[in-house]
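Participant: Okay, here's the prediction I keep looking at, along with the sequence it came from:
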Amino acid sequence: MIADHEARTGGHAPSRPPRRNRDNRSAMASTQTLSHVYPIDSRLNDRGRVEIGGCDVVEIAKRFGTPAYLVAEDDLRARARSFRAAFEAAGQQDFDVLFASKAFPATAILHLFAEEGLGCDVASAGELHLALRAGLDPERIVLHGNARDDGEFAMALDRGVGLIVIDNFDDIERLERLTNARGGRPQAVLVRVTPGVRGDTHEKISTGQANSKFGFGLADAAVAIERVRTVAGLDLRGLHFHIGSNLLDLEPFRAAISAIAQLGDFPVYDIGGGLGVAYTPDQAPPTVDDYASAVVDAVREELGRGKRLLLEPGRALVANGCVTVYRVVSVKQNVSRWVALDGGMSDNLRPMLYGARYDAEIADRVGGETLVTLAGKHCESGDVLVSDVLLDDPRVGDIVVIAATGAYGHAMANNYNAVPRPPVIFCRDGEARVVVRRETLDDLHARDQ
């Protein structure tokens with residue numbers, strides 16, 4: 001399925017020019033196609049409307065309201081299968097693909113990936129609770145993070161989580177105390193290493209540099225490894241690293257694998273996640289096949305054969321499988337033309353946190369030559385979802401689609417200005433179903449005492 005999509009779009013090459021190139025926009029409008037940032041098999045239907053998972057976006061917006069996250073279910077399934085197939089094709093026999101649940105922590109998403117044979121990683125008691133509720137095998141859950149308290153560790157131990165990642169010396173002391181109190185078989189653990197490798201990404205999602213809040217530096221990692229080996233209640237299986245998110249270059253993965261080789265020989269290595277995706281049509285991230293080949297080759301060269309590899313894709317599994325739909329509330333001209341939508345930083349915080357760029361279209365008039373800024377409804381000047389985007393003369397009531405919102409949209413959704421959070425809607429074969437309902441105004445005070 002992914003191969004078919006790439007064939008239509010020329011692999012990862014853009015299917016149309018970058019959105020800022022107004023000179024070529026008339027040609028884009030005439031072709032009436034959707035770029036590779038949209039879910040697999042998305043199209044313009046006979047009415048000229050964007051269709052996701054066989055569902056007419058305009059009709060979905062009428063039925064379920066806006067804003068809403070629309071997830072192409074088959075897209076997520078295809079991407080899950082592509083990761084497994086890529087590592088098999090690269091000749092890796094012993095591996096596990098673990099969905100990084102922080103990217104889209106919803107029970108239905110986790111259940112879908114469990115059906116596709118994936119495990120998951122979690123970073124809190126809440127994510128662990130969702131994973132277990134979704135039916136994931138505790139043995140295939142990895143718990144990591146930099147600040148887990150007694151309660152979170154106790155929950156992981158009691159539920160039989162397969163691996164706990166040790167981030168700091170306080171983790172070792174805490175786990176030693178908790179495992180001693182329980183007795184029984186030792187808890188399998190990994191030591192998280194900060195390899196001193198920085199990928200080309202935003203500083204707020206870079207984690208592999210020497211001065212990171214995550215993991216042990218190389219010198220301290222060697223000390224931590226020896227310390228863990230002295231704890232009877234811990235079974236050290238190997239090392240974990242994660243160098244950052246949305247990486248569009250494979251070289252940092254190779255460099256990180258090389259860096260940790262000095263720490264010794266282990267049976268298990270968790271390579272983390274971080275593979276980047278296309279948010280705008282001009283972006284061309286590495287393919288999953290290229291990523292798998294680079295990782296497997298580097299592991300064999302630097303760490304040796306016969307290793308068990310754990311992979312933690314998050315964004316690469318869910319980002320492009322989802323779009324967010326909004327309704328235009330107002331249009332005005334100051335210096336710029338401002339098009340205000342009925343959502344914003346409460347349903348997609350990434351542009352405000354990271355300066356993230358997105359692609360957008362009017363759902364029933366793809367293309368256009370009107371340069372606008374898509375603003376959110378919140379009382380913040382920085383509440384801008386997409387700046388300098390070309391649309392077809394936006395009007396009040398239009399349905400706007402912003403693509404590639406599956407990673408960290410729902411995850412970071414909030415109630416700023418007391419705005420209820422949007423629903424998550426699965427779309428497949430022309431059928432739509434709500435898997436996370438829209439919050440109501442009453443939900444906003446449901447916890448009041």
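Facilitator: Here it is on my side, so go on.
Participant: partners of whichever strand or helix holds Arg237, with directions?
Facilitator: Using DSSP states H and E, Arg237 falls within strand 234-240. According to DSSP bridges, strand 234-240 has the following sheet partners: strand 187-192 (parallel), strand 268-272 (parallel).
Participant: With mean pLDDT and mean neighbour count as added columns, please give these in JSON lines.
Facilitator: Using the backbone N, CA and C atoms, a C-beta is placed for each residue, glycine as well. Output for the strands paired with strand 234-240, formatted as JSON lines (pLDDT from 0 to 100; neighbours: other CB atoms under 10 Å):
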{"stretch": "strand 187-192", "mean pLDDT": "98", "mean neighbour count": "23"}
{"stretch": "strand 268-272", "mean pLDDT": "96", "mean neighbour count": "24"}
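Participant: Go through these and name the closest to Ser35.
Facilitator: Closest to Ser35 of the strands paired with strand 234-240, according to CB to CB: strand 268-272, at 28.3 Å.
Participant: quick one on the thing from earlier: quick one, which of the strands paired with strand 234-240 is nearest to Tyr416?
Facilitator: The nearest among the strands paired with strand 234-240, by CB to CB, is strand 268-272 at 30.4 Å.
Participant: what's that closest one in contact with?
Facilitator: 142, 163, 165, 190, 237-243, 253, 257, 260, 295, 299, 303, 307-312 (CB atoms under 8 Å, 6 or more residues apart in numbering).
Participant: what's the offset of that strand from the middle of its chain?
Facilitator: Relative to the chain's own centre, strand 268-272 is displaced by 18 Å; criterion: CA atoms, centre = their mean, to the nearest Å.
Participant: So which of the contacts of strand 268-272 are in helices?
Facilitator: 253, 257, 260, 295, 299 (DSSP state H).
Participant: So the third one is in contact with Arg192, correct?
Facilitator: Read it as Ile260. No. Taking contacts as CB atoms under 8 Å, Ile260 lies outside contact range of Arg192: 10.4 Å.
Participant: returning to that earlier point: and the ones in helices among the contacts of strand 268-272, which two are the farthest apart?
Facilitator: Taking CB to CB, no two of the ones in helices among the contacts of strand 268-272 sit farther apart than Ile260 and Val295, at 12.9 Å.
Participant: Need phi/psi at Gly406.
Facilitator: Main-chain dihedrals, Gly406, degrees, to the nearest 10: phi -70, psi -30.
Participant: Relative to Ala181, how far out is Gly233?
Facilitator: 9 Å (CB to CB, to the nearest Å).
Participant: Same check on Phe253?
Facilitator: Applying CB to CB to Phe253 and Ala181 gives a distance of 39 Å.
Participant: circling back: could you tell me which residues touch both of Ile260 and Arg192?
Facilitator: Joint contacts of Ile260 and Arg192 (CB under 8 Å, 6+ apart) are 239, 241.
Participant: how about Gly65, what does it touch?
Facilitator: 423, 438.
Participant: got it, and the one 10 residues further on?
Facilitator: Remark: with contacts taken as CB under 8 Å, 6+ apart, Asp75 is in contact with 39-41, 53, 320-321.
Participant: Longest strand in the protein, please.
Facilitator: As assigned by DSSP state E, the longest strand anywhere in the chain is strand 322-333.
Participant: returning to what we had before: any idea of the mean pLDDT in the strand holding Arg237?
Facilitator: In this model, strand 234-240 carries a mean pLDDT of 98.
Participant: Do I have it right that Ala310 meets Ala100?
Facilitator: Just to correct that, residue 310 is Leu rather than Ala. No. Using CB under 8 Å as the test, Leu310 is too far from Ala100 to be in contact (11.2 Å).
Participant: ok so, going back, packing partners for the longest strand of the chain?
Facilitator: Counting contacts by 3 or more CB pairs under 8 Å, 6 or more residues apart in numbering; DSSP states H and E, strand 322-333 is packed against helix 57-64, strand 68-72, strand 337-341, strand 399-403.
Participant: orientation of it relative to helix 57-64 in degrees?
Facilitator: 90 degrees (axes from the mean of the first three to the mean of the last three CA atoms, to 10 degrees).
Participant: quick one: strands adjacent to strand 322-333?
Facilitator: Partners of strand 322-333, by DSSP bridges, with direction: strand 68-72 (antiparallel), strand 337-341 (antiparallel), strand 399-403 (antiparallel).
Participant: Buried residues in it, which are they?
Facilitator: By 16 or more other CB atoms under 10 Å, the buried positions in strand 322-333 come out as 322-328, 331.
Participant: Distance to Asp270 and pLDDT for the residues you listed - can I get that in JSON lines?
Facilitator: JSON lines is the format used below for the buried residues of strand 322-333 (distance: CB to CB, whole Å; pLDDT from 0 to 100):
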{"residue": "Cys322", "distance to Asp270": "26", "pLDDT": "98"}
{"residue": "Val323", "distance to Asp270": "31", "pLDDT": "98"}
{"residue": "Thr324", "distance to Asp270": "31", "pLDDT": "98"}
{"residue": "Val325", "distance to Asp270": "36", "pLDDT": "98"}
{"residue": "Tyr326", "distance to Asp270": "38", "pLDDT": "98"}
{"residue": "Arg327", "distance to Asp270": "43", "pLDDT": "98"}
{"residue": "Val328", "distance to Asp270": "44", "pLDDT": "98"}
{"residue": "Val331", "distance to Asp270": "49", "pLDDT": "98"}
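Participant: Could you single out the nearest of these to Ser124?
Facilitator: Using CB to CB, those come closest to Ser124 at Cys322, 21.9 Å.
Participant: From Ala106, how far out is that closest one?
Facilitator: Distance from Cys322 to Ala106, by CB to CB: 11 Å.
Participant: Need the residues that contact the helix or strand harbouring Asp388.
Facilitator: Assigned by DSSP H and E, Asp388 belongs to strand 384-391. With contact meaning CB under 8 Å, 6+ apart, strand 384-391 is reached by 19-20, 22, 25, 339, 341, 343-344, 348, 351-352, 357-362, 365, 367-376, 400, 402.
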